[in-house]
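In: here is a sequence with its predicted model. Questions after.
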Amino acid sequence: MDKLKRTDVVSVEQITQSILVFRGHKVLLDSDLAELYGVPTKALNQAVKRNAERFPEDFMFRLSGPEAEALNRSQPVTGSQKHRDPRFPPNAFTEHGTMMAAMILNSPRAVEMSVYVVRAFVKLRELLSSNRELARRFAQLETRLDKKLTEHDQQIAAILSAIRQLMHPPAPKRRGIGFTADLEEKS
C-alpha cells in the first residue's frame, strides 16, 4: 500500500488488494495494517505483544521463514521493504485479528479504518462465494459436455470404423477360369 496520510480516504478495493492468503486464512500483514491504522509497524507489534492473550492463533500468526521468503520473492519491486530481513518475519492478521488490533490501538483512525477493513474482508468473501458458485456451474457444464462428447466420440468411432471397412473391402471370391462342375451343390 502507498503511504497514507492521516486524512487520506482508503477504498475497500485498495484494502482488498492488500489481503493475502496464508495457511488457508485471508490476512493483512502487520505493515499494511499499521499503515491503514496510521501507526508505525513497530507500535502495532508492541501493542499486540502487550495484549498477546487477545490474539489467539486464529486471529494472528507470525509467518514462517519460507512464507516470508516466498512473499518477498513474489513482490520484488512493489513489495513491502519492511520485511526483507528474514530474522523478522511479519505478523499476519485475520479478519478478527484486524478488529482486535483496532480495539487495542484505540485511536480514532484505527476505529475508522477498521470499518473499511471489515468491508474489504466481506467483499472478498462475497467474491469468493460467487466464484465458488461459478466453479460449481462450470463443473456441471463440463460433466454434461463430457457425457455428450463421450456419446459423440462413440458415434465418430463407429463412423471411422465403417469408413475403414469401406477402404479395405474383403477380397471378392474369384471364380476359376474355364468350366468347373460343382457336383455337390446340385444334389
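Out: Cool, the structure landed. Residues are numbered from 1 along each chain as shown.
In: just how off-centre is stretch 60-72 within its chain?
Out: 18 Å (CA atoms, centre = their mean, to the nearest Å).
In: next, the buried residues of that stretch.
Out: Judged by neighbour count using 16 or more other CB atoms under 10 Å, the buried positions of stretch 60-72 are M60, F61, L63, E67, A68, L71, N72. Bear in mind the C-beta positions are built from the backbone N, C-alpha and C, glycine included.
In: filter these down to the ones in helices?
Out: Mapping the buried residues of stretch 60-72 onto helices (DSSP state H) picks out E67, A68, L71, N72.
In: pick the one among the residues you listed closest to T150.
Out: E67 (43.2 Å; CB to CB).
In: contacting residues for the spatially closest residue to the closest one that is not a sequence neighbour?
Out: Among residues not flanking E67 along the chain, F22 sits closest, at 6.0 Å (CB to CB, 6 or more residues apart in numbering). F22 is in contact with F61, L63, E67, A92, counting by CB atoms under 8 Å, 6 or more residues apart in numbering.
In: can you show me the strands along this structure?
Out: Counting by DSSP state E, the chain has strands at residues 20-22, 25-29, 60-62, 91-93.
In: could I get these as JSON lines with mean pLDDT?
Out: Below are these laid out as JSON lines (pLDDT from 0 to 100):
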{"stretch": "strand 20-22", "mean pLDDT": "87"}
{"stretch": "strand 25-29", "mean pLDDT": "89"}
{"stretch": "strand 60-62", "mean pLDDT": "93"}
{"stretch": "strand 91-93", "mean pLDDT": "92"}
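In: N91 reaches E57, doesn't it?
Out: No - in this structure, N91 is not within contact of E57 by CB atoms under 8 Å, at 11.7 Å.
In: low pLDDT regions in this protein?
Out: Applying pLDDT under 70 to the chain flags residues 1-10, 74-86, 180-187.
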